[in-house]
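Visitor: Everything below, folded, please.
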Amino acid sequence: MKTSRVVTVAILLLAVLGAAYYGWQRYAAPEPVAEPVAEPAAPPPAPVASAPAEPAIKYPLSAIEPPEAPPPQALPALAESDAYMQAALTELLGKKNVLTFLQLDGFVHRVVATVDNLAREHAPPMVWPVNPTPGRFSTRGQAASGETINPDNSQRYTPFVLFVEAVDTAQAVKLYVRLYPLFQQAYEELGFPKRYFNDRLVAVIDQLLAAPVQDGPVAVSLVDVKGPVPSERPWVRYEFTDPKLEALSAGQKMLIRMGPVNHRRLRAKLLEVRKLVTGAAVAPAAAASAPRK
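Guide: Here you go, the predicted structure:
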């Protein structure tokens, strides 16, 4: 909290305490006989509520930077950061991977919005920082006897999972720390001016880590949409038959749709990232399974 905010809160607290003390003195002490006056005394001022405290930062990135870290480089303005981000990502990941897997326009805003959305009910693909997986979601079985996710469906995600596994986690987190002011600004512009983006990132990672790995068949049902116009993409209307799975967040359901092998491999990568962006051990899964907001 900035010093000016601290001073403001302190003044407000003193006003409240002063008003409360004045009121207590009026009712606790015997009231003397008052001399006649021309005008009644003004009533005491109403107590002023103190301003709510800003949430404390749980995982400050400044705490994980090495003492010998070089001075931070000057960053471009957020609105002009696309070219800078492309150069930095190309250096880290390679040009082919960047062009194959990433959406570079508005990359910082895309990352921030998607991280926030993964913990919610929907994560719209139009704001993803990665390209949608090629191919269609497929099922196995008949509608009458019940359908399950086709095990072959997980193969669609294998190239992306291999790409993620090959990323040097330590170098990626160093880049994230260096570029963090851009992510923080984008998060504030998203509608969270008093929140710390790295805390949100850790909370979302914890929720993803709590997603249950499904080793057996996962039953799904096609949502019936009535209307005269037939759906041109019926494969996007599948829901998990198990209400507990369907109630999971968007990010958790994505991991389940990827299949158990890919789920475990991405989970291992998430554990690495969490450790580096917090400098601490992973929180228990029970603490990570809080309801989505």
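Visitor: Quick check: Thr139 touching Val220?
Guide: Yes. Here Thr139 lies in contact with Val220, judged by Cβ atoms under 8 Å, at a distance of 5.9 Å. Any C-beta I mention is one placed from the backbone N, CA and C, and that applies to glycine too.
Visitor: Quickly list what's touching both of these two.
Guide: Shared contacts of Thr139 and Val220, defined by Cβ atoms under 8 Å, 6 or more residues apart in numbering, are found at 147-149, 238.
Visitor: Give me the contacts around the helix or strand hosting Glu272.
Guide: Remark: Glu272 resides in helix 260-278, with elements defined by DSSP states H and E. Contact partners of helix 260-278, identified using Cβ under 8 Å, 6+ apart, comprise 59, 61, 64, 154, 157-158, 161, 164-165, 167, 169-170, 172-173, 176, 198, 201-202, 205-206, 208-209, 211, 213-215, 255-256, 258, 281-282.
Visitor: repeat that for 6 Å
Guide: Under the contact criterion Cβ atoms under 6 Å, 6 or more residues apart in numbering, helix 260-278 has outside partners 59, 154, 157, 161, 164, 169, 173, 202, 205, 208-209, 213, 215, 255, 282.
Visitor: Over to stretch 105-124?
Guide: Taking Cβ under 6 Å, 6+ apart as the rule, stretch 105-124 contacts 81, 85, 103, 127-129, 182-183, 186-187, 190, 201, 204, 207, 249-251, 292.
Visitor: before we move on, back to that, ok, which pair from the shared contacts of Thr139 and Val220 is furthest apart?
Guide: Of all pairs drawn from the shared contacts of Thr139 and Val220, the one with the largest separation by Cβ to Cβ is Thr148 and Tyr238; the distance is 10.5 Å.
Visitor: what about those two, which has more around it?
Guide: With neighbours defined as other Cβ atoms under 10 Å, Thr148 and Tyr238 compare such that Tyr238 has more, 17 against 14.
Visitor: Would you check how far apart the closest residue in space to Ser154 that isn't next to it in sequence and Ser138 are?
Guide: Sequence neighbours aside, Gly259 is the residue nearest to Ser154 in space, at 2.8 Å (criterion: Cβ to Cβ, 6 or more residues apart in numbering). Distance of Gly259 to Ser138, given as Cβ to Cβ, to the nearest Å: 12 Å.
Visitor: Comparing these two, which shows the higher neighbour count?
Guide: In terms of neighbours (other Cβ under 10 Å), Gly259 is the more surrounded of Gly259 and Ser138; the figures are 25 against 14.
Visitor: In terms of pLDDT, where does that one sit?
Guide: With respect to pLDDT, Gly259 scores 96.
Visitor: Also the one 4 residues further on?
Guide: Looking at His263, its pLDDT stands at 98.
Visitor: do the one 4 residues further on as well
Guide: In this prediction, Arg267 carries a pLDDT score of 97.
Visitor: got the contact list for Asp215?
Guide: Residues in contact with Asp215, defined by Cβ under 6 Å, 6+ apart, are Pro260.
Visitor: low pLDDT regions in the stretch 101-250 of the chain?
Guide: For the stretch 101-250 of the chain, the stretches with pLDDT under 70 are 142-145, 224-237.
Visitor: Do a quick rundown of the strands in it.
Guide: 139-142, 146-149, 219-222, 238-240 (DSSP state E, counting those that start in this stretch).
Visitor: Tabulate the ones you listed (CSV), appending distance to Val277.
Guide: Putting the strands of the stretch 101-250 of the chain into CSV (distance: least, Cβ to Cβ, whole Å) gives the following:
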stretch, distance to Val277
strand 139-142, 36
strand 146-149, 31
strand 219-222, 34
strand 238-240, 30
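Visitor: Great, nothing more from me.
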